[in-house]
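Participant: The following comprises the amino acid sequence and a computationally predicted model.
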Amino acid sequence: MIYIMTLSGNLLLIIVVRINPKLQTPMYFFLSNLSIIDICFSSTIVPKILMNTVVMDRSISPLGCAVQMYFHLALGSTECIILAVMSYDRFAAICRPLHYTTIMSKMLCASLAACSWIMGFMNSAIHVVLTFQFPYCKSHHVNHFFCEMPPFFRLSC
């Protein structure tokens, strides 16, 4: 139920920002990006957890685990970078109010958002590839709700 509410709330925000011309500002553009990240972020983990509660087999393939870890890390780091970009937007709005529209042009906003997504996904690729390069001395069984790096660190030699 909470998952459906999360999806609905974020979709509603995205739709309202797209429909209302008064909300076509950089801050709402970045909020829409955050909503997209939130939809994808919750969709990387919650469906598998819901399936694990219904099905008795709670295992995940190594490839499935790597994909889940990749998207979880990518969206998490993208969210952090977008939040930093949003803080720059607020800095420009507060400290340079007369130059704000010149500083935060549509081109710059799109570039900042695109760079945030690219950097987040590249960072995640590096971390996941290096995590799955570790030699594992113990069992390959990860006793955790979803695939993330710390349990793999404990399993490695």
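Facilitator: Yes, it's here.
Participant: give me the number of residues near residue 74?
Facilitator: 24 (other CB atoms under 10 Å). C-beta: built from backbone N, CA, C; applies to glycine.
Participant: So what's the model's average confidence on the longest helix seen in the chain?
Facilitator: Counting residues, the longest helix in the chain under DSSP state H turns out to be helix 62-95. The pLDDT scores in helix 62-95 average 92.
Participant: What's the separation between residue 38 and residue 99?
Facilitator: In this view, residue 38 and residue 99 are 31 Å apart by CB to CB, to the nearest Å.
Participant: So between the two, which is more surrounded?
Facilitator: Between residue 38 and residue 99, counting by other CB under 10 Å, residue 38 is the more crowded of the two (17 against 10).
Participant: Could you pull up the residues touching that one?
Facilitator: Shown in contact with residue 38 (CB atoms under 8 Å, 6 or more residues apart in numbering): 6, 10, 79.
Participant: Of these - the most surrounded one?
Facilitator: residue 10 (21 neighbours).
Participant: what helix or strand is the residue nearest to that one when sequence neighbours are not counted on?
Facilitator: Computed as CB to CB, 6 or more residues apart in numbering, the closest residue to residue 10 that is not its neighbour in sequence is residue 35, at 4.0 Å. Using DSSP states H and E, residue 35 sits in helix 26-54.
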